[in-house]
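> here are the coordinates; sequence isn't available:
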């Protein structure tokens, strides 16, 4: 059993990190693609999702592009996960693949529920700014 981040989530976080680095400047999809290593088609798909979630804004035309709509310090990683993947039910039964019934819960129910809650809390407290700082620290190591 694995908890795995999808390519869509990874790409979305990369797009947000790239836009955060531009400090409010309108940035074209190709520039985002160059900064993230994603292709421009993927960037355009991801920016639609991120704009619907109101993390970014866009403007058409030669002076247009994309920019952050919110301060990266106010965006939790869990909010991005929920927006990109849909709200993930981390408390879903790991054994049965459904919600545990009140009677006859699986042996992992209580520790799994605690772990899932801890994961959600951790990702809710981690902001996009924090993630950028951690990424920069890894690059410098």
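Received it, and whenever you're ready, just let me know what you need. Remember, it's a predicted structure, so these values are computed and weren't measured experimentally.

> contacting residues for the residue nearest the centre of the chain?
Residue closest to the average C-alpha location in the chain (C-alpha atoms, centre = their mean): residue 80, at 3.5 Å. Residues in contact with residue 80, defined by C-beta atoms under 8 Å, 6 or more residues apart in numbering, are 9, 12, 13, 16, 53, 55, 128. C-beta here means a position set from N, CA and C on the backbone, and glycine is covered the same way.

> and if you look at residue 66?
Applying C-beta under 8 Å, 6+ apart as the definition, the contact partners of residue 66 turn out to be 19, 26, 27, 28, 29, 32, 47, 51, 56, 57, 58.

> and the residues you listed, which is closest to residue 134?
Lowest distance from residue 134 to the contacts of residue 66 (C-beta to C-beta) belongs to residue 19, with 17.4 Å.

> low-confidence ranges, this protein, go.
Regions of the chain meeting the criterion pLDDT under 70 cover residues 1-4, 88-104, 141.

> which helix is the longest one in it?
Counting by DSSP state H, the longest helix found in the chain is helix 109-125.
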